[in-house]
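Asker: Need coordinates for the following:
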Amino acid sequence: LARIASAVTVWAQPALIPLLSSMPGLGELLPLHDGTPEVVYDVDVEVMELAHVFRVTPETLPATVPYLHPPRPSRSAVARDAAAGLAVGVVWRAGDWDARRSLPPALLRPLAAIPGVTLHLLQRGPALAEAPPDLGPRSGSDDIVEAACLMASLDMILTVDSMPAHLAGALGLPVWTLLPAEADWRWMEERTDSPWYPTMRLFRQERPGDWPGVIEHVGTALRAMAAASRAGGQG
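Answerer: Here you go, the predicted structure:
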């Protein structure tokens, strides 16, 4: 869009502006509000309409990551012990408007028990109080730039279909996204990868509501990943 337009103005939520400003060639950034943009423009288009405007296909989708580059101050790094193995950030609840995307955090306890894995709770909001006390340390942040820096200091992100999945994908981080049987259209169907985010792996419910089955598949993959990490460290 920036290549073909004489000027581009991005009207975005104020909390996102510090992070979006790290994206090259984005144009002017203005805080979104309930009024109208304080600029003169010829055309307005919602960001999710751009794929239609440019007739994007999975093969032509621009998916070079990372395209967000937040600062990484030392205070944003998760404190971790290399001997503890993999540090995995977890998010289990999405927005309240679609309960099918969220899973009970108690289902994550078998993952916390895998040798060589430490779960870091990135979940925010009231759902954080649902976490079992032994699930892992609370390592999240309500500031999106701080959250991005925290995520970048982990080995992997494990999340339901919510903002952290997209943030991890945009940052080019290893991310496993857990999906309900009837997932959002962006995740397409019967795929374990995402054309939007090359570093993402998808784990889908085989039938509606079967989060235990998803966690079982995740556990198998995570055990293999932890074993490979231990073997690499010993080598």
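
Asker: number of nearby residues for the closest residue to Arg186 other than its chain neighbours?
Answerer: Using C-beta to C-beta, 6 or more residues apart in numbering and skipping residues adjacent in sequence, the residue nearest Arg186 is Trp196, 6.4 Å away. Heads up, the C-betas are built off the backbone N, CA and C, glycines and all. Neighbour count of Trp196, defined by other C-beta atoms under 10 Å: 19.

Asker: give the contact list for Trp196.
Answerer: 61, 63, 169, 186 (C-beta atoms under 8 Å, 6 or more residues apart in numbering).

Asker: Could you pull up phi and psi at it?
Answerer: Main-chain torsions, Trp196, degrees, to the nearest 10: phi -70, psi -40.

Asker: How is the residue most central in space within the chain classified with respect to secondary structure?
Answerer: In the chain, the residue lying closest to the centroid (C-alpha atoms, centre = their mean) is Ala165, at 1.9 Å. Ala165 falls in the helix class when you classify it by DSSP: H, G, I helix; E, B strand; the rest coil.

Asker: returning to that earlier point: could the contacts of Trp196 be laid out in JSON lines, adding secondary structure?
Answerer: Compiled in JSON lines, the contacts of Trp196 are given as follows (three-state DSSP):
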{"residue": "Leu61", "secondary structure": "coil"}
{"residue": "Ala63", "secondary structure": "coil"}
{"residue": "Gly169", "secondary structure": "helix"}
{"residue": "Arg186", "secondary structure": "helix"}
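
Asker: returning to that earlier point: distance-wise, check the residue nearest to Arg186 relative to Gly169.
Answerer: Going from Trp196 to Gly169 by C-beta to C-beta, to the nearest Å gives 6 Å.

Asker: would JSON lines of the contacts of Trp196 with pLDDT, neighbour count and distance to Cys149 be doable?
Answerer: Output for the contacts of Trp196, formatted as JSON lines (pLDDT from 0 to 100; neighbours: other C-beta atoms under 10 Å; distance: C-beta to C-beta, whole Å):
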{"residue": "Leu61", "pLDDT": "88", "neighbour count": "12", "distance to Cys149": "27"}
{"residue": "Ala63", "pLDDT": "87", "neighbour count": "14", "distance to Cys149": "23"}
{"residue": "Gly169", "pLDDT": "97", "neighbour count": "23", "distance to Cys149": "16"}
{"residue": "Arg186", "pLDDT": "91", "neighbour count": "13", "distance to Cys149": "25"}
